[in-house]
Each structure stands twice: as C-alpha cells, then as structure tokens.
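*Asks:* any chance you could fold what I've pasted below:
(one chain, ligands or ions: 2)
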Amino acid sequence: MIIVMQVGASQAQIDGVVGYLREQGVEPIVLPGQDNTAIGVPATLDAGQRVSFEALISTLPGVSKVTQTSHPYKLASREWHRENHIVEVKGVRIGEGFVVMAGPCSVESADQMRAAAKAVKSAGATILRGGAFKPRTSPYAFQGLAAEGLQILKQAGEEFGLVTISEVMSPDMVGLVAEHVDILQIGARSMQNFPLLIEAGKSRKPVFLKRGPSATIDEFLLAAEYVLSQNNPDVILCERGVMPLDRTYVRNTLDLAAVPVLQEHSHLPVIVDPSHGTGVARYVLPMALAALVSGASGVMVEMHPNPKEALSDGSQALTPEAFANLMRELDRLRSAWLVRA
Ligand code: PEP
Ligand code: MN
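*Replies:* Ligands and ions are numbered 1, 2, ... in the order given. Modelled structure (predicted):
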C-alpha cells in the first residue's frame, strides 16, 4: 500500500501518519519526492484489514490518497524509491549521464586485453568488459579462460584505470569473480538462476543483470528483486534483445521500448547492449545511438582488437576504430540533443 501525502503536507503531518502506522504494528517506508512525500506500507495485512485501514488512513491530516501497489516487485519499484538510483563504482556513476562499457566478448590473452583496454580508454569510455566464464550454446565452443581470464581483466583494468565487469555463471563462483572485478554480470541465460541472484546479492558488488531472451518486464524486475532482497541496492538492468521473430537478419530483437518502460516502473539504471541485441557489427552504431535517444543510462558494446580472430561473438564485435567512431557519434548526438533541449 502507498500513502500519497498532499503537496505541501507538513513534517508534522508526515510524522503523524508514520506514528499512526507504527501504533498499528506496521513499519512504514518514507519516500520523499520532489513535490510530495509518499509512505510505503509493506503488504502484511489481509484484504479485510486493508479496506478498513485504508479508509482510516485517508482521513488523517495531510493525506492525499491511498493506493495499492500495482506490481509484484517492491524493492525494484519506483513506487518505493522515487529518485533514480545511481550505482557508483570507483568514481563512475551509472544512472546519471551516459556511460559506455566496452571490450571483447571473451578474455583471450593478456595482449588482447591490453589492446582492448587501451582502445576503450583512448576513446573515452570508462568500463572494460571481458568474459572469463562464457555461457556457450555448444559445449565444444571456447568456454573462457576462467580464473586466468579474471586475472588478465583485472590487470588490464588497473593498468588503464578502468572499472571492470565480467560474467559469473554459478553461485559457487561469485566469490572468485567478485575478488577480481568491480561489477558482476549475470547473463541473459542466467537471469532466473535464483541461487546465483541471491549469492550475487550477498556479495555486495554491483550486479549487472541482463534480461533473459524471453523474459517479460515483470520477470526481469522480479529477478532484480532477488538481488535487492539481499540488501544489495546496486542493480543495473540491461536490455540485450529478446527472442526474434526472424533470425535471418539479426540475432535478437532489441527491445528499446523496454528502456522507458523500465524507467517508469523502476528506479534502477538501464543500460542497452546493441551488440547482443543485433549480433551484427554494422548495426551496433545505429542501435547505440537509438539507445541514447531512448533515455538509457549507457551502452555495453563488444569491441575486439581483431574481430576476425575473436574466439566468440566476432561477427558483432567492433574494431577499435569503429568503436572510437561510435564514441564520437554518441558525443555528436548528445551535443545536438542538448542544443535541442
Ligand atoms: C555477453 O555479454 O558476452 C553475453 C554472453 O551476453 P548475454 O548474456 O546477453 O547473451
Ligand atoms: Mn558476447
């Protein structure tokens, strides 16, 4: 239940409602907003109690209206947390402005990661990606360098002063991945691996959660809820494309409408991955620009020093030159956008 206070309700009126709720044995959550305050009441009442409770509360001084929460998720909902949540990692603020995460699909060698990190840094991006544990469709495909890959990524990140992100696929690996990287990525295929979500939540590291290929918005936010419920507020949502109608031209269908939808219903930052979202390097630039226009807080882009030799996802990887161009185009669009606004 959400109690919306009137615009201009006094602190004494807010305290009055909070005091009344506590007397009834409910611990409210006060949600200050720009114009007015809302007070959240966790759903512990049965339907009958709720109706009489609701009628009473609406008569308290300063109360504008009482509404039922409309979503199955709570901690991920904007109803309970009105301001945008900013995830701050080593000075990089995700959820404010536009951040770019880039790097190869897989960590392949120290030389490859140094070259990638150099290209990420010199183009002006702040976060370096690289998978050490790879969720591959085939067990015969390259599975990643595991612990060695994490070490390589960590070194490249430290050398070039970049925040690092890498995927963790199983709960027992959370500790190891968290020791080496700044942000834990949970891949699309693992979005509903509930023990993994819980373990990642317990790690206290920011969690970058990718939307499952067939996940609805509610399923996606409920997956985020698992992490948040471990007292870890730092979840970053990533739209990376959903099951396409037609795989002839693209690998997935990038659901850009999910960006404003998620932002309306959740306070968590939303990042777009145009690389997995299209699967085709030449479509990454237009979709990255579209992500900026959609209001996303950033993009995650695959870039490889030599895409032709990539051990995974080479066909969607940008070259360092194409990546530098993407960064320039994003800047150009941002300036045009600011002029327009
Ligand atoms: C990846 O980021 O390399 C990856 C495997 O992504 P997704 O989980 O979105 O398929
Ligand atoms: Mn990939």
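
*Asks:* and the closest residue to ligand 2 within the stretch 51-200 of the chain, how many neighbours?
*Replies:* Proximity of the stretch 51-200 of the chain to ligand 2 (C-beta to the ion) peaks at C105, 3.3 Å away. For every residue, glycine as well, the C-beta is placed using N, CA and C. As a burial measure, C105 scores 25 neighbours (other C-beta atoms under 10 Å).

*Asks:* isn't it up against V301?
*Replies:* No - with contact defined as C-beta atoms under 8 Å, C105 does not reach V301; the gap is 10.7 Å.

*Asks:* next, count neighbours for the residue of the chain found nearest ligand 1.
*Replies:* Among the residues of the chain, G187 lies nearest to ligand 1; the distance is 3.0 Å by C-beta to the nearest ligand atom. Neighbour count for G187, taken as other C-beta under 10 Å: 22.

*Asks:* and the pLDDT at it?
*Replies:* On the pLDDT scale, G187 is placed at 98.

*Asks:* report the contact partners of E108.
*Replies:* Residues in contact with E108 (C-beta atoms under 8 Å, 6 or more residues apart in numbering) are L145, A310, L311.

*Asks:* output these as CSV; include the columns neighbour count.
*Replies:* Formatted as CSV, the contacts of E108 follow (neighbours: other C-beta atoms under 10 Å):
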residue, neighbour count
L145, 21
A310, 20
L311, 19
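
*Asks:* next, format those as a markdown table and append pLDDT, secondary structure and distance to ligand 2.
*Replies:* Output for the contacts of E108, formatted as a markdown table (pLDDT from 0 to 100; DSSP: H, G, I helix; E, B strand; the rest coil; distance: C-beta to the ion, whole Å):
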| residue | pLDDT | secondary structure | distance to ligand 2 |
| --- | --- | --- | --- |
| L145 | 98 | coil | 15 |
| A310 | 98 | coil | 9 |
| L311 | 98 | coil | 10 |
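
*Asks:* would you format these as CSV with distance to R82 included?
*Replies:* CSV is the format used below for the contacts of E108 (distance: C-beta to C-beta, whole Å):
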residue, distance to R82
L145, 43
A310, 42
L311, 44
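
*Asks:* quick one: contacts for the residue lying closest to G241 once chain neighbours are set aside?
*Replies:* Spatial nearest neighbour of G241, chain neighbours left out: N252 (2.8 Å); criterion: C-beta to C-beta, 6 or more residues apart in numbering. N252 makes contact with P213, R240, G241, V242, M243, P244, H276, G277, T278, G279, according to C-beta under 8 Å, 6+ apart.

*Asks:* for N252, phi and psi?
*Replies:* phi -140, psi 170 (degrees, to the nearest 10).

*Asks:* try L289
*Replies:* Geometry field for L289 lists phi and psi as phi -70, psi -40, criterion degrees, to the nearest 10.

*Asks:* do the same with the one 4 residues further on
*Replies:* Geometry field for V293 lists phi and psi as phi -70, psi -30, criterion degrees, to the nearest 10.

*Asks:* ditto for the one 5 residues further on
*Replies:* Note on G298: its backbone torsions stand at phi 160, psi -180 [degrees, to the nearest 10].

*Asks:* please apply the same query to A288.
*Replies:* phi -70, psi -40.

*Asks:* and the lowest-mean-pLDDT helix or strand in the chain, what does it pack against?
*Replies:* Within the chain, no helix or strand scores below helix 47-57, which has a mean of 77 by mean pLDDT, DSSP states H and E. Contact partners of helix 47-57 among helices and strands, from 3 or more C-beta pairs under 8 Å, 6 or more residues apart in numbering; DSSP states H and E: helix 11-23, strand 63-67.

*Asks:* mean pLDDT for the ones you listed: which is lowest?
*Replies:* It's strand 63-67: among the helices and strands packed on helix 47-57, that one has the lowest mean pLDDT, namely a mean of 90.

*Asks:* what's it in contact with?
*Replies:* 1-7, 9, 13, 17, 36, 54, 57-58.

*Asks:* which parts of that strand are buried?
*Replies:* Going by neighbour count (16 or more other C-beta atoms under 10 Å), the buried part of strand 63-67 is V63, V66.

*Asks:* equivalent analysis for stretch 52-70, please.
*Replies:* F53, E54, I57, L60, G62, V63, V66, T69.

*Asks:* before we move on, what about stretch 96-112?
*Replies:* Buried positions in stretch 96-112, judged by neighbour count with 16+ other C-beta under 10 Å: F98, V99, V100, M101, A102, G103, P104, C105, S106, V107, E108, Q112.
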